[in-house]
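> Sharing a sequence plus its predicted fold:
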2 protein chains.
Amino acid sequence: MDEDGRGDSETSDHAPASSSLNRRQFLAGSASWLAISTSPTLFSAQAEGPNEPIDPTRVPGASPGPYGERSSFEKQTRLVASASSTTPLQDLQGIMTPSALHFERHHNGVPAISPSRHRLLVHGLVGRPMMFTVEELKRFPSVSRFAFIECSGNSRDGWDEAQDLTVQHLHGLTSTSEWTGIKLSTLLEAVEISREATWMLAEGGDAAALTRSVPLTDEVLNEAMVCYGQNGEALRPEQGYPLRLLLPGFEGNINVKWLRRLKLGSAPFMTRWETATYTDLMPDGKAYQFSLVMEAKSVITKPSGQQQLRPGFHEIQGLAWSGRGYITAVDVTVDAGRTWQAARLQEPVLPKCHTRFRLPWRWDGQETIIQSRCTDDTGYRQPTRESLIKVRGIHSSYHYNGIQSWKIERNGIVKNVHI
Amino acid sequence: MDEDGRGDSETSDHAPASSSLNRRQFLAGSASWLAISTSPTLFSAQAEGPNEPIDPTRVPGASPGPYGERSSFEKQTRLVASASSTTPLQDLQGIMTPSALHFERHHNGVPAISPSRHRLLVHGLVGRPMMFTVEELKRFPSVSRFAFIECSGNSRDGWDEAQDLTVQHLHGLTSTSEWTGIKLSTLLEAVEISREATWMLAEGGDAAALTRSVPLTDEVLNEAMVCYGQNGEALRPEQGYPLRLLLPGFEGNINVKWLRRLKLGSAPFMTRWETATYTDLMPDGKAYQFSLVMEAKSVITKPSGQQQLRPGFHEIQGLAWSGRGYITAVDVTVDAGRTWQAARLQEPVLPKCHTRFRLPWRWDGQETIIQSRCTDDTGYRQPTRESLIKVRGIHSSYHYNGIQSWKIERNGIVKNVHI
């Protein structure tokens, strides 16, 4: 096989820095792969569990099933808190989040809603107020799109002293799915929306009955959806089954789940959820309200907090995303910001969607700090923690998107630090 | 709201034929959506099951959980046969197939394999035969890509008399996932593949120990992967956990699951699986062997076999895919082939991946036949059944990709027919 048959897309576009490497170096340095011995041990080990045969080739396997489950050897889980759970970013592959591991955030639990009895009421400044069943909504022209949803409180520990936590704990309130539903604009056309309508109240049918005001900007009218599908099948209960609002790029809570009501109006409705909470306290003591867009953020997921490295060859991986559009670049430093290298972005790069980045790296066993910073197609570049705090102060709870620093100690332990 | 705020991407690019409609007509014709009455019934119906509250807004919902499950109201399943199961295409949304509903085909059941004890042996015409653990493979540079996998026997009923079956039964041996793993070329570089190696044997670690010969073409070396990931998490057991070969665009069985051995050689290995089976019997009595690529195919999934329509407005939906690359167009006829309209393709259109198409349609209640036909970026157009049989005869079992015809009877029942 010659070099041409392989392509070189794995390696960085930048000239190699001292600590970077090409694939040949990567392979040559991988000392743990042993040439095969004369007596392979493939079939001689003891079984690990009662359901596992000593030799899977000698017993017939399981029959086909109606709805599959993951292997019992797989144990990755969401990290569960009282009213939320986080996606295990350190274990994710590619850009999709398995529906079973999509982060959760709810304000009074996950309701059990029958799709046949659920209704969506659309009223207010409309010519023709209507109430829809789920089946009726499914008969409209449909759309699907990939999009991340991120809780506005994701990464909030960044505002405080650095704690020794995992990437899942620190940044796991973000997930990506393929969503399917009806365009909001199609629905608003059906109810003959008034020309005076510029805001819309969205209300959930859970026990919190969460309400948020949505500005009807061109972007919202072009992109917002009322969704009934996630990753090829129905929405998961934690994601709003049977209906949720999707506002790609906006903070999670305004993507109202268990959606039961949309009311059109000419001003924001000033609900509890956008006055008493979900505002950002600025250095001058004023609260910044309707800070809806999730700005560009990236984080290295491998290696990340509480993992331990051996010296040698590693592929740095992480995720980047922007509520404004596409990720155009992710740069990675392995020397605490002295030099930066362009990571490779996994295709397809989709707007308002997780984008995976990768960079091969050899860790020399010395203490260092690694970081990633991303740029989106508006030209916006993810800020350092210092520059973010300069503008925002330290009294916010939401919308933290500063650069994440992972310190790698001489023993290989990875720690969350602020620099 | 004005027309500009909406875009017109929902409608066909073609001039409307008599049976097509724009969105305004679609909405105006939807008589089943009622204007709201004075007393909404949202909270008065009886609960349907013991776990469902009368009013989900008045009782706290369920707590966050470590690994989510779908709603108990959702019942879509794979259709299970003795050694296979099919994806419910009529229920899918978007382009992703939920891992739990990915089709299955195995020749001696699904083995239970411990990832810590599984090994991949790579030997034959290589400079450095090696045996890898799964963890070792995960330390290599990784790649992810979206790809369909289709069983070569999918749609095989097309060779015979038309039976009254569902689209799941007829065409459900195809599914799309995001796959993650190591590029085959990276692995072959690690074992120092010989320049003489032009074929590769792939062997599964299940009780069938299925073996296939893979030609090491440029396309294979550029695209093939040894996968450990599916849709963000580990491969599902039915898809080869912990390792499978992925040969995008090739027939399903050569994407060897439970992969335990790759042997490099200079000729095909002529295994039982490519001699006694998985060949196509041609009209001259000879068997066409190594017919690996799945040619372009499309099928309307909504409406489809055994569904029943009411006269009025429908969005025709379906899936198209090609083992050669991208789908560039899908045309739909609603008058048995007299006229064709371009369906809208859902973005992103990805190579060797399911592509969803949509076309709004008003059914006038008259008997008709609907079909879809797709074109890929090589210029290949999906053949009619008649033209396919002219070349291939009727003694094949595999690689049927003729145009699917759905007859809609006056009572609205949809039936599989050959025309």
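Thanks, I have it. Numbers count the residues shown, from 1 in each chain, chains lettered A, B, ... in the order given.

> interface residues of the stretch 151-300 of chain A facing chain B?
With the criterion set to C-beta under 8 Å from any C-beta of the partner chain, the stretch 151-300 of chain A comes near chain B through A:178-180, A:183, A:185-186, A:188-190, A:193, A:195, A:197, A:205-207, A:209, A:216, A:218, A:221-222, A:228-229, A:231-238, A:241-242, A:258, A:260. From N, CA and C alone the C-beta is placed, and that goes for glycine too.

> now with 6 Å?
Taking C-beta under 6 Å from any C-beta of the partner chain as the contact definition, the stretch 151-300 of chain A meets chain B at A:178, A:180, A:185, A:190, A:193, A:205-207, A:209, A:221, A:229, A:231-234, A:236-238, A:241.

> so of those residues, which ones are in helices?
For these, membership in helices holds for A:Ser185, A:Ala190, A:Leu221, with DSSP state H as the criterion.

> Now the stretch 201-350 of chain A against chain B: closest residue?
Closest contact between the stretch 201-350 of chain A and chain B, by C-beta to the nearest C-beta, is at A:Gly229 (3.6 Å).

> So, low pLDDT: which residues of chain A?
Residues of chain A meeting the criterion pLDDT under 70: A:1-52.

> Show me it divided up by domain.
Domain ranges of chain A: A:99-288, A:297-417, per automatic domain parsing.

> would you turn these into a markdown table with mean neighbour count and distance to B:Gln307?
As requested, those are exported to a markdown table (neighbours: other C-beta atoms under 10 Å in any protein chain shown; distance: least, C-beta to C-beta, whole Å):
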| stretch | mean neighbour count | distance to B:Gln307 |
| --- | --- | --- |
| domain A:99-288 | 21 | 13 |
| domain A:297-417 | 20 | 32 |
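
> what would the ones you listed look like in TSV with distance to B:Leu201?
Converted to TSV, the domains of chain A look like this (distance: least, C-beta to C-beta, whole Å):
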stretch	distance to B:Leu201
domain A:99-288	34
domain A:297-417	28
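
> dump the residue contacts of A:Gly240.
Under the criterion of C-beta atoms under 6 Å, 6 or more residues apart in numbering or on different chains, the contact list for A:Gly240 reads A:Lys257, A:Trp258.

> For it, what are phi and psi?
According to degrees, to the nearest 10, the main-chain angles of A:Gly240 amount to phi 110, psi 10.

> try A:Asn154
Taking degrees, to the nearest 10 as the convention, A:Asn154 sits at phi -60, psi 140.

> From B:Arg356, how far out is the residue lying closest to it once chain neighbours are set aside?
Taking C-beta to C-beta, 6 or more residues apart in numbering or on different chains as the measure, A:Asn154 lies nearest to A:Leu173, with 3.7 Å between them; neighbours along the chain are not counted. Here the criterion is C-beta to C-beta, to the nearest Å. By it, A:Leu173 lies 29 Å from B:Arg356.

> now do A:His123
If you measure A:His123 against B:Arg356 using C-beta to C-beta, the figure is 32 Å.

> do the same with A:Thr86
For A:Thr86, the distance to B:Arg356 - C-beta to C-beta - is 31 Å.

> right, and out of the ones in helices among the residues of the stretch 151-300 of chain A next to chain B, which lies closest to A:Leu137?
A:Ala190 (9.8 Å; C-beta to C-beta).

> What number of residues are in the vicinity of A:Lys75?
When neighbours are defined as other C-beta atoms under 10 Å in any protein chain shown, A:Lys75 has 10 of them.

> Checking my notes, it in a helix, right?
No. The secondary structure assignment for A:Lys75 gives coil rather than a helix, going by DSSP: H, G, I helix; E, B strand; the rest coil.

> For it, grab phi and psi.
phi -130, psi 0.

> cool, A:Trp159 as well?
As for A:Trp159, its main-chain torsions (degrees, to the nearest 10) stand at phi -70, psi -20.

> For it, give me its contacts.
With contact taken as C-beta under 6 Å, 6+ apart, A:Trp159 is in contact with A:Ile394, A:Ser396, A:Tyr400.

> picking that back up, and the residue nearest to A:Asn154, how far is that from A:Ala202?
As judged by C-beta to C-beta, A:Leu173 and A:Ala202 stand 20 Å apart.

> cool, and A:Phe269?
With distances defined as C-beta to C-beta, the gap from A:Phe269 to A:Ala202 amounts to 10 Å.

> just to revisit the earlier point, closest to B:Trp406 out of the ones in helices among the residues of the stretch 151-300 of chain A next to chain B?
For B:Trp406, the closest of these turns out to be A:Ala190, at 28.1 Å, with distances computed as C-beta to C-beta.

> which residues in the stretch 201-350 of chain A form strands?
A:211-215, A:225-230, A:233-234, A:244-246, A:259-265, A:280-281, A:287-288, A:297-302, A:312-321, A:327-333, A:341-342, A:344-345 (DSSP state E, counting those that start in this stretch).

> for the stretch 51-200 of chain A, same thing?
Counting by DSSP E, counting those that start in this stretch, the stretch 51-200 of chain A has these strands, from start to end: A:79-80, A:84-86, A:104-105, A:119-124, A:130-133, A:143-150, A:174-183, A:199-204.

> would you turn those into TSV with distance to A:Val349?
Shown next, in TSV, are those (distance: least, C-beta to C-beta, whole Å):
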stretch	distance to A:Val349
strand A:79-80	28
strand A:84-86	24
strand A:104-105	27
strand A:119-124	33
strand A:130-133	35
strand A:143-150	11
strand A:174-183	12
strand A:199-204	29
